[in-house]
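Novice: attaching a predicted model along with its sequence, questions to come.
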Amino acid sequence: MQLTDGVITLRHPNVDDAHDVASAVQASLAELQVFMPWATPDYGPAQARQWMFGEFNPGEEPFIILDAHDEIVGSCGLGPIDQLNRVIELGYWVRSDRTGRGIATRAARLLARHAIDNRGAMRVEIHMSVENPGSRRVAENIGATYEGTMRARLLLNGEHHDAEIWSILATDPHNPVL
Ligand SMILES: CC(C)(COP(=O)(O)OP(=O)(O)OC[C@H]1O[C@@H](n2cnc3c(N)ncnc32)[C@H](O)[C@@H]1OP(=O)(O)O)[C@@H](O)C(=O)NCCC(=O)NCCS
């Protein structure tokens, strides 16, 4: 499974990627730790393999993000689908020395399209802490709709954060991800 827009490629990771995923996490630790508490100083290939095989979040569909040179510049994924309601959540992070170039926006767009076209989602959600303006901007960039703020939705480093919820519907008119 590969998803590409001609600039970045998303593909499912395999065990041979574990070392490079862990290196990318370590190179981004300061930024990741704030919003992704699984990113710890001892994150290594073993933790990357656990992520790949869904041990952190069973049912998740993980992807690595590759640039034009096939280098891993981050990862992203779809959460487990809520089959009854056809709802799925997407998430992303980008290696700190590669941010600010539209990579997360491209990845989120590809993921949302994949969720709707290939996974049968009617509704794709993006959640982020109210203190994460970069992630909010990604949701805006892909044309998602802000729906509200959930109180104390995320527990990050021992502190509860309110979280914004954004969505894309398969039926949204002029949907930029379709
Ligand atoms: C948030 C994150 C995914 C953005 O990745 P990226 O590849 O830089 O994203 P993009 O370049 O596609 O877009 C980011 C946008 O946010 C803006 N932005 C970034 N940081 C910002 C900040 N602190 N305040 C306001 N805007 C910010 C950028 O200027 C850019 O805006 P633009 O599209 O108008 O130019 C990345 O910084 C990251 O991995 N952060 C740590 C993990 C994380 O927070 N993941 C999301 C959890 S919900």
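Specialist: Nice, I can see it. Numbering: from 1, shown residues only.
Novice: rest of the way, CA atoms for contacts and neighbours
Specialist: Noted.
Novice: what about stretch 137-155, distance to the chain center?
Specialist: Its chain's C-alpha centre and that of stretch 137-155 lie 13 Å apart, by Cα atoms, centre = their mean, to the nearest Å.
Novice: make 770 the starting number, not 1.
Specialist: Noted, 770 is the first residue going forward, which turns the last one into stretch 906-924.
Novice: quick one: average confidence on it?
Specialist: The average pLDDT within stretch 906-924 is 97.
Novice: need the distance between the two termini of that stretch.
Specialist: Using Cα to Cα, to the nearest Å, the end-to-end distance of stretch 906-924 comes to 21 Å.
Novice: contacts (any at all) between the ligand and that stretch?
Specialist: Yes: Stretch 906-924 reaches the ligand (Cα under 6 Å from any ligand atom) through 906-907.
Novice: who touches that stretch?
Specialist: Contact with stretch 906-924 is made by 873-874, 877-878, 895, 898-899, 929-937, 944-946, as judged by Cα atoms under 8 Å, 6 or more residues apart in numbering.
Novice: same thing but 6 Å
Specialist: Contacts to stretch 906-924, defined as Cα atoms under 6 Å, 6 or more residues apart in numbering, come from residues 874, 878, 929-937.
Novice: out of those, list just those in helices.
Specialist: Mapping these onto helices (DSSP state H) picks out 874, 878.
Novice: tell me the residues of the protein that contact the ligand?
Specialist: For the chain, the contact set with the ligand under Cα under 6 Å from any ligand atom comprises 800-801, 804, 861-863, 868-874, 896-897, 902-904, 906-907.
Novice: now with 8 Å, please.
Specialist: Within the chain, the positions near the ligand by Cα under 8 Å from any ligand atom are 797, 800-805, 843, 860-865, 867-875, 895-898, 901-907, 910.
Novice: now, the most widely separated pair of the contacts of stretch 906-924?
Specialist: Using Cα to Cα, the contacts of stretch 906-924 span at most 28.1 Å, a distance reached by Arg878 and His929.
Novice: between these two, tell me which one has more neighbours.
Specialist: Shown here are Arg878 and His929; by other Cα atoms under 10 Å, Arg878 has more neighbours (22 against 13).
Novice: picking that back up, which of the contacts of stretch 906-924 ranks first by neighbour count?
Specialist: Neighbour tally across these (other Cα under 10 Å): the maximum, 24 neighbours, falls on Ile937.
Novice: ramachandran coordinates for the residue nearest to Ser797 when sequence neighbours are not counted?
Specialist: In this structure, Ser797 finds its nearest non-sequential neighbour in Ser865, 4.9 Å apart by Cα to Cα, 6 or more residues apart in numbering. When read as degrees, to the nearest 10, the backbone of Ser865 gives phi -60, psi -30.
Novice: state the number of residues packed around Ser865.
Specialist: For Ser865, the count of nearby residues is 18 (other Cα under 10 Å).
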